[in-house]
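J.: this one's structure only:
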């Protein structure tokens, strides 16, 4: 179960860099606003509130342009909100005109005109001290004459970028002249130079000339690249309980190594991943130091280091699961994590067979360089799933290493004492298992809790020896998931998952029941009971030495917060080390998602498509995050 805590050159182009505000959500839960509107709270604090009645008439004849203008309009987005007095209305109207002109420039319409009237008077004719009749909503009319579309004319790169081809950055005569295209080209040019190790690269000057007679836009960019430079000293600001020298070390930006913007972004992500900071910025200085190196500056804001929380899951086939935990994110001042937790599950399924466990976990980052961390845990408990009964004590210690931003390799030593009973071993059998799990993950998803695009690959291997029985076996499994959004907003996302595993070595009966493979349940084939798919003896699942699963979902965002997810799952478990696919089970259903700042809340309802005696008629599962 995943538990997430609920915490200078003035030119035509400069108008296009404005930010467009949007309404926010408002019901507050643990500091996050989930629904409603912040504006409802803000309205009560507005001094001398007046309302306006807006008539918005883009009238461009171009639907895409009309949509762009409407999206840019702050007065349209906030038409239900009052403004503060007549001066507030005038200020908002003038700001509105700038936003709409910027939107026109973004569509390469440099001779477009935005006309705004208040009470029938043109905006420029209204004195700053005007007072409007507030006995009724003040009438505001916005009309847009879009003008003609401009194309790029002459394009030139000067200075240190004279050797670069403008077409490589989307700037070519006759091409798109939208301000967004030009600004993106500037960013890409500077980025390309910085990737050469030039931290002071910048646009030194910009000349943009609109020729209204030919409807062309001539662009000249003067670029200063600056020298290739190494990192200098890294300074840290904002630390309180966290060791500032440790923060500088964890950036992984040692003095003397050539500057790299990619490494700087990785440093920021690495510091955020420590979970001791609520915000992190990593920036280069504006000038080189006396040694020709570029100093680096890290600014952080610490979050609360102690936390207390709880989590829950629900399944109609497995019952309710509850978890409570206490943790410290900065135990010794260097982002060491300590977490103590306990859980109880299968509540409601059988009160005499409740599963429960407790454990303590410790993690220390940076043990073998900034990209590494040491992890250890000690856990004990009792488990009563349908397939077996287990009492255990499990100790682990290992290292994980981020090879790149997307690749992680981890390995650990695991020692577990357990006493297990199952249908193949009706007399309780003790085990002392020593294993070395190794895992590799390649994660190219755009969001880990709610991915829209990308993919994730996982490979896992665990050689195991039982010191009490002499059994030895090797467990391997692999998993791949992929995500594809069919629209730019990610409202329609196709998601798929494939997984398979195999155990070689000992016989099925000699492998402890909890180390075998099972399928069925909320994280597997929905609609079936947990461990319900696969071979059975006497009505009890035995597990298998191999398995294969597949899932496909269509994630449809109906509103900004509500989504539906039709899904189809398939799975099989075999007693041999290779799946024989002789008994494939299918489950299908529909899920509901509610979007929150900490990930989607999930409820899935599934039915078995080839139900056998003993299988449930349906399954309902609830949790946080997508199913995969």
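T.: Looks like it came in fine. All values reported here derive from a predicted model rather than from experimental measurement. Numbering: from 1, shown residues only.
J.: What are the buried residues along stretch 415-422?
T.: By neighbour count on 16 or more other C-beta atoms under 10 Å, the buried set for stretch 415-422 is 416-418, 420, 422. Placement of C-beta: from N, CA and C, glycine included.
J.: Report the two of these separated the most.
T.: 417 and 422 (17.0 Å; C-beta to C-beta).
J.: what distance separates whatever helix or strand residue 606 lives in from the centre of its chain?
T.: Element membership for residue 606, per DSSP states H and E: strand 601-608. Put simply, strand 601-608 sits 23 Å off its chain's centre (C-alpha atoms, centre = their mean, to the nearest Å).
J.: Please apply the same query to stretch 571-579.
T.: Put simply, stretch 571-579 sits 34 Å off its chain's centre (C-alpha atoms, centre = their mean).
J.: circling back to that earlier point, out of the buried residues of stretch 415-422, who's nearest residue 138?
T.: residue 416 (73.0 Å).
J.: Could you verify my assumption that that closest one touches residue 431?
T.: Yes. Residue 416 lies in contact with residue 431 (C-beta atoms under 8 Å); the separation is 7.5 Å.
J.: Just give me the neighbour total for residue 466.
T.: 23 (other C-beta atoms under 10 Å).
J.: thought it was touching residue 433?
T.: Yes. Between residue 466 and residue 433 there is a contact under C-beta under 8 Å: 5.5 Å.
J.: Quick check: neighbours shared by those two?
T.: Listed contacts common to residue 466 and residue 433 are residue 512; contacts here mean C-beta atoms under 8 Å, 6 or more residues apart in numbering.
J.: where does this structure have low pLDDT?
T.: Within the chain, the stretches with pLDDT under 70 are 1-44, 59-60, 317, 349-352.
J.: try 80 this time
T.: 1-47, 57-61, 313-319, 346, 348-353, 598 (pLDDT under 80).
J.: So if we follow the domain assignment, how does it break up?
T.: 12-145, 151-224, 231-302, 306-624 (automatic domain parsing).
J.: Which parts of the stretch 401-550 of the chain are strands?
T.: Using DSSP state E, counting those that start in this stretch, the strands of the stretch 401-550 of the chain run over residues 407-422, 425-435, 438-443, 454-466, 472-485, 492-505, 536-537, 540-541, 546-557.
J.: Of all the residues in the third one, which ones are buried?
T.: Which is strand 438-443. By 16+ other C-beta under 10 Å, the buried positions in strand 438-443 come out as 438-441, 443.
J.: longest helix in the protein, by residue count?
T.: helix 85-106 (DSSP state H).
J.: And that helix, how far out from the chain middle?
T.: Centroid separation between helix 85-106 and its chain, computed with C-alpha atoms, centre = their mean, is 33 Å.
J.: following it, which helix or strand comes up?
T.: Later in the chain than helix 85-106, the nearest helix or strand by DSSP H and E is strand 113-118.
J.: which residues in the stretch 201-350 of the chain form strands?
T.: 202-211, 216-224, 231-237, 277-284, 294-302, 306-315, 319-328, 337-347.
J.: So which of the ones you listed is nearest residue 164?
T.: strand 216-224 (8.0 Å).
J.: name the helices or strands packed onto that closest one?
T.: In terms of contacts (3 or more C-beta pairs under 8 Å, 6 or more residues apart in numbering; DSSP states H and E), strand 216-224 is packed against strand 151-159, helix 179-194, strand 202-211.
J.: what does that strand contact?
T.: When contacts are defined by C-beta under 8 Å, 6+ apart, strand 216-224 is touched by residues 108, 110, 150-161, 171, 177, 182, 185-186, 189-190, 193, 200-211.
J.: same question, stretch 113-121
T.: Stretch 113-121 has contacts (C-beta under 8 Å, 6+ apart) with 52, 89-90, 93, 96-97, 100-101, 104, 122-123, 126, 132-133, 138-145, 147.
J.: Skip the chain neighbours and tell me the closest residue to residue 111.
T.: Leaving aside its sequence neighbours, residue 111 sits nearest to residue 147 (C-beta to C-beta, 6 or more residues apart in numbering; 3.8 Å).
J.: what does residue 323 give?
T.: Leaving aside its chain neighbours, residue 323 sits nearest to residue 343 (4.0 Å; criterion: C-beta to C-beta, 6+ apart).
J.: Beta-bridge partners for the one you found, please?
T.: Applying DSSP bridges to residue 343 gives these bridge partners: residue 323, residue 357.
J.: That one: what's it in contact with?
T.: Contacts of residue 343 (C-beta under 8 Å, 6+ apart): 1, 321-324, 356-358.
J.: Make TSV from those residues and add distance to residue 472 and neighbour count to it.
T.: Listed next are the contacts of residue 343 as TSV, based on distance: C-beta to C-beta, whole Å; neighbours: other C-beta atoms under 10 Å:
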residue	distance to residue 472	neighbour count
1	31	15
321	33	18
322	37	15
323	34	17
324	38	16
356	31	16
357	27	17
358	30	14
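J.: circling back to that earlier point, check the contacts of stretch 113-121 for burial and list the buried ones.
T.: Among the contacts of stretch 113-121, those scoring as buried are 52, 89-90, 93, 96-97, 100-101, 104, 123, 126, 132, 138, 140, 142, 144, 147 (criterion: 16+ other C-beta under 10 Å).
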